[in-house]
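A.B. asks: just need the structure, nothing else, for what follows:
(2 chains)
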There are 2 protein chains.
Amino acid sequence: MALIVHKYGGTSMGSTERIRNVARRVAKWVRAGHRLVVVPSAMSGETNRLLGLAKELAPEAATAASQRELDAIAATGEQVSVGLLALALQAQGVGAVSYAGWQVPIATDASYTKARISHIDDRRVRADLAAGKVVIITGFQGIDPDGNVTTLGRGGSDTSAVAVAAAMKADECLIYTDVDGVYTTDPRIVPEARRLHSISFEEMLEMASLGSKVLQIRSVEFAGKYRVPMRVLSSFTPWDIPIEEEARSGTLITFEEDEKMEQAIVSGIAFNRDEAKITVMGVPDKPGIAYQILGPVAEANIDVDVIIQNVSHDGRTDFSFTVHRNDYVRTVELLKSSVLPATGAAQVLGDPKICKVSIVGIGMRSHVGVASKMFRTLSEEGINIQMITTSEIKTSVVIDEKYMELAVRALHKAFDLDQNGAAV
Amino acid sequence: MALIVHKYGGTSMGSTERIRNVARRVAKWVRAGHRLVVVPSAMSGETNRLLGLAKELAPEAATAASQRELDAIAATGEQVSVGLLALALQAQGVGAVSYAGWQVPIATDASYTKARISHIDDRRVRADLAAGKVVIITGFQGIDPDGNVTTLGRGGSDTSAVAVAAAMKADECLIYTDVDGVYTTDPRIVPEARRLHSISFEEMLEMASLGSKVLQIRSVEFAGKYRVPMRVLSSFTPWDIPIEEEARSGTLITFEEDEKMEQAIVSGIAFNRDEAKITVMGVPDKPGIAYQILGPVAEANIDVDVIIQNVSHDGRTDFSFTVHRNDYVRTVELLKSSVLPATGAAQVLGDPKICKVSIVGIGMRSHVGVASKMFRTLSEEGINIQMITTSEIKTSVVIDEKYMELAVRALHKAFDLDQNGAAV
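C.D. replies: So this is what the prediction gives:
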């Protein structure tokens, strides 16, 4: 008998019929002797509907007072779905009780629309579990120290589920979603992409931050911090498949680096075309220049990803970085108006049509030549590399956007992911 | 500068455009120097949509555990509308903050789907008002002593508004709705019906309990208990009509019996065709017979309205009462299966096609002959009276349903309501 947390996404909760199937699946786990906590998202489309209404009335809603209202409105989507799921379970003869984030409570800071969980009180939940009930908790939301409703940002229900699992010291957190696991890369780009049976927490963190949309990155960070065993699996398998089969399906995110995992040098290929490249040319190369350029950018609340500074010639250097494509125009204008005059740099160049392709693998730690194999593969395809950045378990390159599919397919093949690479 | 509570119904909150108009109207009151607390209903149709989803998953939902979930689900409708109204006010430059019932808190008992308000904590609301904000509070809901969300039943937002006005000792509680006040009778039946400029609290209580759907009866009881001045007025006047004109529009429910009010003998005609009549014939006339008949009915949770026991002949009497038409078949079956054998009564007769018509007026206290004028009027129209019941300020008759419109029109005319009766 284990304590298991299930998380269901909006698509899985998309209609009363689907909610009924979620209830049947949960009931199956209960009848197998497990204690269950379930964290569902809002019914698909509901959060957008609610925020759409809000936008009609307040297109800006930029003040803290307005964001407080947006959070209170958006949080109702999950409050409806937990109630509906509880009713569906009760109708099947399974004891169930639902809680909104404020009732648990799930304590957060007061950063409306992107709050962070600070503490979860598990007493109420434990008492219900001890009484044999399934406990259903809203994803995506909590309550701040002053009793205001907060939300965790898009995809926040993954984080809620992992946080609840951590607080309850659950045996496993199962993230049911509309894909059947984590793949070596996006199957829409590479048809030969295969599902990974397991992936290390660190690799998953890199995959998530590099653009794999399976899990919200904060949920992976949370899982890592509290060592919560986490599995991504499909909610579209028949609800009555044998529980042993279901429990082994999907992709396990693991903290144990076993023999098998070491065999895989590269586990997956991630990519991201949401970025844009900006280069400040001819910057006088003196101490503090990076801060002089990036300080104003950070102050304008623009996130910077890849940062490259080349060696200098004649006391001047070129400084390049990438930002989200939505921030491209704003960043270029900011640099031209304030950074160029202040630093005496020559000019600002930019290119919004770039993409970032990354190879990720914990095996890279102990294998040399992985990055050079990546560069050779791209070279053989005639793809020019514009920027390079590396970490212990990943290598990313920035290339022209038009080569993205070609690069991903070539790398997927070169690292043997098509057939028998990382899947174990 | 007065403290005013505004309540807006679901139709007034039915779209973002209508919510914007509510915000404009509230802003007008704020700019005139008043402090405002606003209690809106859910957007029209929303509560039905939510309960419809619940019903698909749990058609019965009869247990307390299920009703707890129904309340949590239904309460989200108002939680969305308070947030939207706060955003709309903020967008117009008016400081505003919204609270769900649990945040105020509005404390209730634990009777899910029909909870009663026990206490309202006004500290948070007062602090916001002192800071110059409009405070927007969800109607229809509260929180029980164990921290569960409760709802007050259909139309409960009227009660929420009056309860908030009572707790805040507001100067007036304005109920904005889709009619422009309380009428001498339903204008759909009698085109000559006129709006009353004022009506006494006791008359309003009778009108509400007799089928006038303008106000939820519990809100009137609450207003009476705490002597909250209450006004019913239209939310469909242009939002920018002069505030002095708006403040005098609609119908005032008053506690002061002034000279003018005494002049009106009958203020209004109420009617109700939701009832059915049941007669137990040939009941042995001995002490305790009413309890023997109505005890089992009450135990089956069936509400009884009019009760008549005729004088007995030869030791036997006929015992008649009315129930809601939905309970008619169940009540007849119950009487046949258990009451007939136990009492030795002869038979059970019933008629679901009846209606109740009532004249209401505080002037009846001091005027004799009002009831007999009613009976004479009906007699002149050839309408047979089946049952009669009276109180200090109303007389009700049960008649054949098919005569309802005729009876209401005839009485409306007979008591001079068409021209210059009660309106002051």
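A.B. asks: what stretches of chain A score poorly on pLDDT?
C.D. replies: Applying pLDDT under 70 to chain A flags residues A:210-212, A:257-264, A:419-424.
A.B. asks: residue closest to the middle of it?
C.D. replies: In chain A, the residue lying closest to the centroid (CA atoms, centre = their mean) is residue A:216, at 2.3 Å.
A.B. asks: what's the burial count for the closest residue to chain B within the stretch 251-400 of chain A?
C.D. replies: Ranked by CB to the nearest CB, the top residue of the stretch 251-400 of chain A for proximity to chain B is residue A:301, at 21.6 Å. For glycine as for every other residue, the C-beta is placed from the backbone atoms N, C-alpha and C. For residue A:301, the count of nearby residues is 8 (other CB atoms under 10 Å in any protein chain shown).
A.B. asks: quick one: contacts for the residue in the stretch 201-350 of chain A positioned nearest to chain B?
C.D. replies: Nearest residue of the stretch 201-350 of chain A to chain B, counting by CB to the nearest CB: residue A:239, 14.9 Å away. Contacts of residue A:239 were listed using CB atoms under 8 Å, 6 or more residues apart in numbering or on different chains, and they are A:21-22, A:24-25, A:28.
A.B. asks: could you do residue A:136 as well?
C.D. replies: Shown in contact with residue A:136 (CB under 8 Å, 6+ apart): A:37-40, A:82, A:85-86, A:89, A:96-99.
A.B. asks: which non-adjacent residue is nearest residue A:112?
C.D. replies: Once flanking residues are discounted, residue A:112 sits nearest to residue A:67: 3.7 Å by CB to CB, 6 or more residues apart in numbering or on different chains.
A.B. asks: give me the element the one you found is part of.
C.D. replies: Taking DSSP states H and E as the criterion, residue A:67 maps to helix A:64-74.
A.B. asks: follow the chain on from that helix and name the next helix or strand.
C.D. replies: The helix or strand immediately downstream of helix A:64-74 is helix A:76-91, counting by DSSP H and E.
A.B. asks: circling back to that earlier point, will you turn the contacts of residue A:239 into JSON lines that also has neighbour count?
C.D. replies: Formatted as JSON lines, those follow (neighbours: other CB atoms under 10 Å in any protein chain shown):
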{"residue": "A:21", "neighbour count": "20"}
{"residue": "A:22", "neighbour count": "23"}
{"residue": "A:24", "neighbour count": "16"}
{"residue": "A:25", "neighbour count": "23"}
{"residue": "A:28", "neighbour count": "16"}
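A.B. asks: looking at these, which are in helices?
C.D. replies: Among these, the residues falling in helices (DSSP state H) are A:21-22, A:24-25, A:28.
A.B. asks: for the residues you listed, give me CSV that also has distance to residue A:106.
C.D. replies: Below are these laid out as CSV (distance: CB to CB, whole Å):
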residue, distance to residue A:106
A:21, 26
A:22, 21
A:24, 27
A:25, 24
A:28, 27
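A.B. asks: if we can go back for a sec, the residue nearest to the centre of chain A and residue A:156 touch, don't they?
C.D. replies: Yes. Look at residue A:216 against residue A:156 with CB atoms under 8 Å: they come within range, at 6.8 Å.
A.B. asks: OK, contacts around residue A:134?
C.D. replies: Applying CB under 8 Å, 6+ apart, the residues near residue A:134 are A:26, A:30, A:36-38, A:86, A:89, A:94-97.
A.B. asks: what's the helix or strand for residue A:252?
C.D. replies: Residue A:252 is part of strand A:251-254, with elements assigned from DSSP H and E.
A.B. asks: give the pairing partners of that strand; include direction for each.
C.D. replies: As defined by DSSP bridges, the strand partners of strand A:251-254 come to strand A:198-200 (parallel), strand A:230-234 (antiparallel).
A.B. asks: just say which of those strands is most tucked in.
C.D. replies: Mean neighbour count, computed with mean count of other CB atoms under 10 Å in any protein chain shown, is highest for strand A:198-200 among the strands paired with strand A:251-254, reaching a mean of 25.
A.B. asks: show the subsequent helix or strand relative to it.
C.D. replies: Elements were assigned by DSSP H and E; along the chain past strand A:198-200, the next helix or strand is helix A:201-209.
A.B. asks: next one: that following helix to chain centre, how far?
C.D. replies: Chain-centre distance of helix A:201-209: 9 Å, with CA atoms, centre = their mean, to the nearest Å.
A.B. asks: just the strands in the stretch 1-150 of chain A please.
C.D. replies: A:3-8, A:35-40, A:96-99, A:106-108, A:117-120, A:134-137, A:141-143, A:149-151 (DSSP state E, counting those that start in this stretch).
A.B. asks: need those strands in a markdown table (columns: distance to residue A:341).
C.D. replies: As requested, these are exported to a markdown table (distance: least, CB to CB, whole Å):
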| stretch | distance to residue A:341 |
| --- | --- |
| strand A:3-8 | 50 |
| strand A:35-40 | 51 |
| strand A:96-99 | 55 |
| strand A:106-108 | 42 |
| strand A:117-120 | 43 |
| strand A:134-137 | 53 |
| strand A:141-143 | 44 |
| strand A:149-151 | 40 |
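A.B. asks: so which of the ones you listed comes closest to residue A:173?
C.D. replies: strand A:3-8 (4.5 Å; CB to CB).
A.B. asks: so what are the sheet partners of the closest one and their directions?
C.D. replies: Strand A:3-8 is paired, per DSSP bridges, with strand A:35-40 (parallel), strand A:172-177 (parallel).
A.B. asks: just those: most buried one?
C.D. replies: It is strand A:35-40: most buried of the strands paired with strand A:3-8 by mean count of other CB under 10 Å, with a mean of 26.
A.B. asks: so what touches that one?
C.D. replies: Strand A:35-40 has contacts (CB under 8 Å, 6+ apart) with A:1-8, A:12-13, A:22, A:26, A:29-30, A:78, A:81-82, A:85, A:125, A:129, A:134-139, A:157, A:160-161, A:164-165, A:168, A:170.
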